[in-house]
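[1] below is the structure, and that's it, no one-letter string:
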């Protein structure tokens, strides 16, 4: 390891002004300016100029500097090293052709970069889903069109995302939104775009990027009622794309959920739950469905609707956390023409659209307090008033609400209206996490594998006994949604007809190396009784390490898994001295 200079350095072009460093993190891309004569220290410690909370980085990992003879990167005796184009270096002069890797963080250099707005950070998958949900609401309220794309390279093309992301970004308008999709793909939200617009842009991306790009997309409005449905359908379209036909756009025009087989019920706890679903479906009462993120709360809610006497009437779904606060009243109750700027025609809200059927309020715990009062009134009076109108409209709807939050605790602390909670809580159904229903794991995996094969045209995989054991032993922090993603990935990347352990993701294989919570608790309780605070501290550290390991050391996801603010988690990580294996 030593000082290196790129082969083309004698011809390297120095910028007249600042350069921009793009830092590709696990859930976003951050643009950082470097001015002439300036330096930037990157690491995970707070004393750095650019702090990235990633366990692969040392506290002070590397320094970038803008000298008279060029742009340099210096390793600061980091544990995992600094690499330029795959070679470990102590100091290296850079050009735009180089790719720098600090631990697991890739960095690219852009001379005379466009304005920072053109290089804005990528949204995480969760944030992008929220943006799609908000755009679906706007499309409904204002009668506008939009599209969502999923973009990735062919499975056998391992070109780093950092190489082609800037070119794709250059194809987009400022109004377009970009998000991460896994580790090798991107998602694009196109507001105010019809089918022709979306197809034209997708073809432009394919031509400009110049690699074997595959793009799938969904054009809205469609019958799909949630952002997750839209993005999953875009993913299936992307899997259908090929070298000869690299763009696959769809606009579903029939309710794809009517033929949905519903959640499997091989495990006894799910059988008992589905028996409750059948009983609840027959009675016209409000239902609250609770459970962790990704367990299938919405699928259960749909099963209630399609097994009820209302099954031939509309089912309308809205994500309560994604509606802009100024559009909540209009989304729920509709508006008259001219009621506010942009209201060019009379529009029904979801309660009117679902008359005779069911309204599904997804993530009801995210609803703002002002909207909670309006919703309570509708539930009590069965009447709505459009924004800008004076007359009430009678509606006959059944309300099903879902949430991953503890509404009882929220109502006790004043975060959620207690009277609304009582109104929604006529019947509560709790969907158990996947780790507590092991009997459902293999049937779900086989179903998702079969669906992935049908969509992508890939061969149907046989799941080996060893993989079956691994699937049962993994704790599935992302629940059913994570299992589906795992099987869709395997359908594309598996090397043979039989799914083998090496075909599974590193995330799943790494998660199997961590002991389950029960064993952690058992170990703690089996120790001789001693200092209580010390033992609680050790147990807390083990739980946090497990959550981080299961979430690939993504602190945002781990904080959500532990049901604590990310800032609190970061503080505890520092306080308890928790470090990623292999980090400094």
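    Perfect, thanks for sending it. Being a predicted model, the structure only gives us computed values, none of them experimental. Numbers count the residues shown, from 1 in each chain.

[2] can you give me the neighbour number for residue 279?
    10 (other Cβ atoms under 10 Å). For glycine as for every other residue, the C-beta is placed from the backbone atoms N, C-alpha and C.

[3] can I take it that it is in a strand?
    No - the assignment for residue 279, made by DSSP: H, G, I helix; E, B strand; the rest coil, is helix rather than a strand.

[4] how close does it sit to residue 459?
    Distance, residue 279 to residue 459, by Cβ to Cβ, to the nearest Å: 42 Å.

[5] what does residue 512 give?
    Using Cβ to Cβ, one gets 26 Å for the distance from residue 512 to residue 459.

[6] residues in contact with residue 579?
    Shown in contact with residue 579 (Cβ atoms under 8 Å, 6 or more residues apart in numbering): residue 55.

[7] name the SS class of it, please.
    Once three-state DSSP is applied, residue 579 turns out coil.

[8] distance of it relative to residue 298?
    For residue 579, the distance to residue 298 (Cβ to Cβ) stands at 37 Å.

[9] now residue 90
    Residue 90 is 53 Å from residue 298, by Cβ to Cβ.

[10] compare these two (neighbour count), which wins?
    The neighbour count for residue 90 versus residue 298, taken as other Cβ under 10 Å, is higher for residue 298 (22 against 15).

[11] wait, that one touches residue 363, no?
    No - with contacts counted by Cβ atoms under 8 Å, residue 298 stays clear of residue 363, the gap being 9.7 Å.

[12] hey, what's in contact with both of these two?
    Contacts common to residue 298 and residue 363, judged by Cβ under 8 Å, 6+ apart, are residue 402.

[13] would you map the strands across the stretch 1-150 of the chain?
    In the stretch 1-150 of the chain, the segments counted as strands under DSSP state E, counting those that start in this stretch are 2-4, 19-24, 29-34, 39-43, 50-51, 62-67, 70-75, 82-84, 87-94, 99-102, 105-111, 146-153.

[14] just checking: what are the partner strands of the fifth one?
    Strand partners for strand 50-51, identified by DSSP bridges, are recorded as strand 39-43 (parallel).

[15] which parts of the strand it pairs with are buried?
    Using 16 or more other Cβ atoms under 10 Å as the test for burial, strand 39-43 gives 40, 41, 42, 43.

[16] now do the contacts for the third one.
    The contact partners of residue 42, taken as Cβ under 8 Å, 6+ apart, are 23, 48-50, 52, 57, 61-64, 102, 105, 107.

[17] low-confidence ranges in the stretch 201-350 of the chain?
    For the stretch 201-350 of the chain, applying pLDDT under 70 flags the ranges 223, 225, 252-265.

[18] now do the helices in it.
    Here the stretch 201-350 of the chain has its helices, by DSSP state H, counting those that start in this stretch, at 227-240, 268-281, 297-306, 328-333, 350-353.

[19] tell me which helix or strand of this protein sits lowest on mean pLDDT?
    For the chain, scoring each helix and strand by mean pLDDT, DSSP states H and E identifies helix 517-526 as the least confident one, at a mean of 45.

[20] would you list every one of the helices in the stretch 451-584 of the chain?
    465-473, 479-493, 506-511, 517-526, 532-550, 555-562, 566-576.

[21] and residue 196, which of the three is it?
    Assigned with three-state DSSP, residue 196 falls in the helix class.

[22] from residue 147, how far out is it?
    On the measure of Cβ to Cβ, residue 196 and residue 147 end up 10 Å apart.

[23] beta partners for the closest residue to residue 50 other than its chain neighbours?
    Nearest residue to residue 50, sequence neighbours excluded (Cβ to Cβ, 6 or more residues apart in numbering): residue 42, at 4.6 Å. Taking DSSP bridges, one obtains residue 50, residue 62 as the residues bridged to residue 42.

[24] residue 498 now?
    Beta-bridge partners, per DSSP bridges, of residue 498: residue 462.

[25] quick one, what contacts the closest residue to residue 83 other than its chain neighbours?
    Among residues not flanking residue 83 along the chain, residue 101 sits closest, at 4.4 Å (Cβ to Cβ, 6+ apart). When the contact criterion is Cβ under 8 Å, 6+ apart, the partners of residue 101 are 82, 83, 84, 86, 107.

[26] only whichever of those residues are buried, select them in ChimeraX.
    Remark: buried members of the contacts of residue 101, expressed as a ChimeraX selection using 16+ other Cβ under 10 Å:
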select :82,83,84,107
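
[27] mind picking the lowest-pLDDT entry from the contacts of residue 101?
    Lowest in pLDDT among these is residue 86, which has 74.

[28] pull up the distance across stretch 354-366, start to finish.
    End-to-end distance for stretch 354-366: 22 Å, by Cα to Cα, to the nearest Å.

[29] for that stretch, buried residues please.
    Buried, per 16+ other Cβ under 10 Å, within stretch 354-366: 354, 355, 357, 358, 359, 360, 361, 362, 363, 364, 365, 366.

[30] what does it rub up against?
    Outside stretch 354-366, the residues touching it (Cβ under 8 Å, 6+ apart) are 225-226, 288, 297-298, 301-302, 304-305, 308, 310, 313-321, 350-351, 367, 375, 395-405, 407, 410, 416, 424.

[31] so how far is stretch 189-199 from its chain's centroid?
    22 Å (Cα atoms, centre = their mean, to the nearest Å).

[32] make TSV out of the strands of the stretch 1-150 of the chain and add distance to residue 128.
    As requested, the strands of the stretch 1-150 of the chain are exported to TSV (distance: least, Cβ to Cβ, whole Å):
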stretch	distance to residue 128
strand 2-4	38
strand 19-24	16
strand 29-34	13
strand 39-43	25
strand 50-51	23
strand 62-67	29
strand 70-75	31
strand 82-84	29
strand 87-94	31
strand 99-102	25
strand 105-111	20
strand 146-153	9
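
[33] buried deepest among those, which one?
    strand 146-153 (a mean of 25; mean count of other Cβ atoms under 10 Å).

[34] got the angle for the helix or strand following that one vs strand 29-34?
    Counting by DSSP states H and E, the element after strand 146-153 in chain order, helix or strand, is helix 161-171. With axes from the mean of the first three to the mean of the last three Cα atoms, to 10 degrees as the basis, helix 161-171 and strand 29-34 are set at 90 degrees to each other.

[35] ranges for the strands of the stretch 301-450 of the chain?
    315-319, 358-362, 383-384, 393-394, 398-403, 427-430.

[36] and residue 539, which of these is closest to it?
    strand 427-430 (25.5 Å; Cβ to Cβ).

[37] contacts for the closest one?
    273, 276, 277, 280, 285, 286, 287, 288, 289, 290, 291, 300.

[38] out of the residues you listed, which end up buried?
    Of the contacts of strand 427-430, these count as buried by 16+ other Cβ under 10 Å: 273, 276, 277, 280, 286, 287, 288, 289, 290, 291, 300.

[39] out of those, which comes closest to residue 75?
    Distances from residue 75 to the buried ones among the contacts of strand 427-430, taken by Cβ to Cβ, are shortest for residue 291, at 46.1 Å.

[40] pLDDT averaged over stretch 363-379 - what is it?
    On average, stretch 363-379 scores 89.

[41] buried sites along that stretch?
    363, 364, 365, 366, 367, 371, 372, 374, 375, 376, 378, 379.

[42] how far off centre is that stretch?
    25 Å.

[43] run through the residues that contact the nearest residue to residue 322 once chain neighbours are set aside.
    Excluding the flanking residues, the one nearest residue 322 by Cβ to Cβ, 6+ apart is residue 133, at 3.1 Å. Residues counted as contacts of residue 133 (Cβ under 8 Å, 6+ apart) are 226, 227, 319, 321, 322, 323.

[44] then residue 553?
    54, 55, 580.

[45] let's go with 6 Å and repeat that
    55, 580 (Cβ atoms under 6 Å, 6 or more residues apart in numbering).
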